[in-house]
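J.: okay, here's the prediction I keep looking at, along with the sequence it came from:
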Amino acid sequence: MQPESTFVLVVGGSLVGSSAALFLAQHGVPTILVERHPGSSPHPRAIGYTPRTLELLRSVGLDSSIPEVPREFRLQRARIESLAGRWFEQTDWTPDKAALLEEKEFSPSRGAAIAQDRMEPLMRDKARELGADIRLDTELVRFDQDAEGVTALVRARDAAQYTIRAAYMIAADGGTSPIREALGIAQRGRGHIRTVRSVLFRAPLEAYLERGVHQFEIVQPDLQGFLTTYGDGRWVLMFSDGRERARDALRQAIVQAIGRADLAIEIIATGLWELGALVAEQFRKGRVFLAGDSAHVNNPIGGLGLNCGIHDAMHLADVLAAVLRDERPPGDLDRYDAVRRPTNIEYVQQQTIANKKRLEERDAASRSANFDALRRTAADPAAHRAFLMRTSLLDSVRKLGAAA
């Protein structure tokens, strides 16, 4: 039986894999995406998209599907006993930038907040519309590569195995990436940071958002965690310890975080993931490229890992399309590793580690000093501009444009 053929095979259909298929399809590049799950995870993780990321998604026609954050929106965080209990401290996490940069200089977009399990179907549907072949419930069994391409054996659920022959393959198969392991690519960095367990639930808590705060650090003698909303009635409580809890204990923890027991609570799902800071030693080996978490595992605070992964996909799609059209030589694909890897180390790893240290500080004086420093940054136009350009990844995009 003759193998199917395509120019690019994308393995992994989460945000980065779906965006890769989307950007490739926009260029008219023949693309097959395989994803072993039947759809998105029931427990979304990512939610924040920077202005530059939103620009990229709008460039492929997702304008009307992704609501921008309001112009006046300012992300605020509070340290509290519980939603209904004492509020100890409230801080602007994203200082007001309205008077700092002209909007056209910063970005024509303002970023977006949309849950991962809402965004992924939008991406996949648009990729299909543009011509990508999206195959859910289909897993990669094994692959081999030679000088001319990649041969992948895949298996659809309840179906026979079959072979796909591709000129190139993109591994967007997550932080534990079997493809990266098969290629023998090592990782470097701080490694494992901690184990995080969480519970996703639904409850009528909209009244507690009226102060403009959407992120809450829960501080109680027997419960420390982080509570936030996806803006659609769903909330997630992330525990500071890695302890596994039975369903009754999860419900009790939710009640403690809310501070009242008279509300209807629906537990939707639980989550477990390992936080780390690791970067692959190379993002390309032969005709296989790593993108997203398979290339770089980041602390999720600030959402830079997600956004950087989408930028990986955009860069790779642009160069692969140019190679297919004979507009650039295949050797230019080496620029992906040369640009994206240093970008991740310089911008994403450094910023997420700084964010983590700032948020996990327990000493009151140190916390106050950290937030005073943020306020000084907000008050200094030059420092504030530099902060916004770095944390929105616009600096990295400009550097990428100069180097690519």
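T.: That came through, no problem.
J.: quick one: low-confidence ranges for the chain?
T.: 70-74, 92-108, 299-303, 347-368, 370-375, 377-404 (pLDDT under 70).
J.: geometrically speaking, which residue is the centre of it?
T.: In the chain, the centroid-proximal residue (C-alpha atoms, centre = their mean) is residue 306; its distance is 2.0 Å.
J.: confirm that one sits in a helix?
T.: Yes: counting by DSSP: H, G, I helix; E, B strand; the rest coil, residue 306 falls inside a helix.
J.: can you count the residues close to the nearest residue to it once chain neighbours are set aside?
T.: Excluding its sequence neighbours, the residue lying closest to residue 306 (C-beta to C-beta, 6 or more residues apart in numbering) is residue 46, at 4.3 Å. The C-beta positions use only the backbone N, C-alpha and C, and glycine is treated the same way. As a burial measure, residue 46 scores 20 neighbours (other C-beta atoms under 10 Å).
J.: how about residue 46, phi and psi?
T.: Dihedral angles of residue 46 (phi, psi; degrees, to the nearest 10) stand at phi -70, psi 150.
J.: which strand or helix spans residue 316?
T.: Taking DSSP states H and E as the criterion, residue 316 maps to helix 304-324.
J.: how about the residue nearest to the centre of the chain, what does it touch?
T.: Contact analysis of residue 306 by C-beta atoms under 8 Å, 6 or more residues apart in numbering lists 15-16, 46, 48-49, 300.
J.: now residue 263: how far from residue 199?
T.: Counting by C-beta to C-beta, to the nearest Å, the gap from residue 263 to residue 199 is 15 Å.
J.: higher neighbour count, the two?
T.: residue 199 (25 against 12).
J.: still on that earlier bit, how about the contacts of residue 306, which pair is most distant?
T.: The span of these, defined through C-beta to C-beta, is set by 16 and 48 at 15.1 Å.
J.: which one's more surrounded, these two?
T.: residue 16 (29 against 17).
J.: quick check, that one in a helix?
T.: Yes: counting by three-state DSSP, residue 16 is part of a helix.
J.: contact partners for the nearest residue to it once chain neighbours are set aside?
T.: By the measure of C-beta to C-beta, 6+ apart, the closest residue to residue 16 outside its immediate chain neighbours is residue 292, 3.1 Å from it. Going by C-beta under 8 Å, 6+ apart, residue 292 touches 12, 14-17, 172, 174, 305, 309, 312-313.
J.: residue 149 too?
T.: So residue 149 contacts 165-168, 287 (C-beta under 8 Å, 6+ apart).
J.: and it, how close does it get to residue 288?
T.: The value you get for residue 149 to residue 288, if C-beta to C-beta is used, is 10 Å.
J.: list the residues that contact both of those two?
T.: Common neighbours of residue 149 and residue 288, counting by C-beta under 8 Å, 6+ apart, are residue 168.
J.: is the nearest residue to residue 261 once chain neighbours are set aside in a helix, a strand, or coil?
T.: Leaving aside its chain neighbours, residue 261 sits nearest to residue 255 (5.0 Å; criterion: C-beta to C-beta, 6+ apart). Secondary structure, three-state DSSP: residue 255 is helix.
J.: pretty sure residue 255 contacts residue 267?
T.: No: Residue 255 is not in contact with residue 267 according to C-beta atoms under 8 Å; the separation is 11.5 Å.
J.: please, where are all the helices along the stretch 251-400 of the chain?
T.: With helices called from DSSP state H, counting those that start in this stretch, the stretch 251-400 of the chain shows them at 304-324, 334-343, 350-360, 364-379, 381-391, 394-403.
J.: who's in contact with the residue of the chain positioned farthest from its centre?
T.: Within the chain, the residue lying farthest from the chain centre (C-alpha atoms, centre = their mean) is residue 1, at 38.7 Å. For residue 1, the contact set (C-beta under 8 Å, 6+ apart) comprises 162-163.
J.: residue 78 falls within a strand, correct?
T.: Yes: counting by three-state DSSP, residue 78 is found in a strand.
J.: surely it and residue 85 touch.
T.: No: judged on C-beta under 8 Å, residue 78 makes no contact with residue 85 at a distance of 11.4 Å.
J.: show me what stretch 210-229 is in contact with.
T.: If you take C-beta under 8 Å, 6+ apart as the criterion, stretch 210-229 is touched by 74-83, 88, 90, 93, 205, 209, 231, 235-241, 253, 256-257, 359.
J.: repeat that with 7 Å
T.: Outside stretch 210-229, the residues within contact range by C-beta atoms under 7 Å, 6 or more residues apart in numbering are 75-83, 88, 90, 209, 235-240, 253, 256-257.
J.: in stretch 238-252, which residues are buried?
T.: 238-240, 250-251 (16 or more other C-beta atoms under 10 Å).
J.: got the end-to-end distance for it?
T.: End-to-end span of stretch 238-252 (C-alpha to C-alpha, to the nearest Å): 14 Å.
J.: work out the gap between that stretch and the centre of the chain.
T.: Per C-alpha atoms, centre = their mean, to the nearest Å, the displacement of stretch 238-252 from the mean C-alpha position of its chain is 24 Å.
J.: returning to that earlier point: burial measure for the residue nearest to residue 261, as a count.
T.: When neighbours are counted by other C-beta under 10 Å, residue 255 registers 16.
J.: what's the distance between the residue nearest to residue 41 when sequence neighbours are not counted and residue 206?
T.: Spatially, and ignoring its direct neighbours in sequence, residue 41 is nearest to residue 117 (6.4 Å; C-beta to C-beta, 6+ apart). To residue 206, residue 117 is 20 Å away according to C-beta to C-beta.
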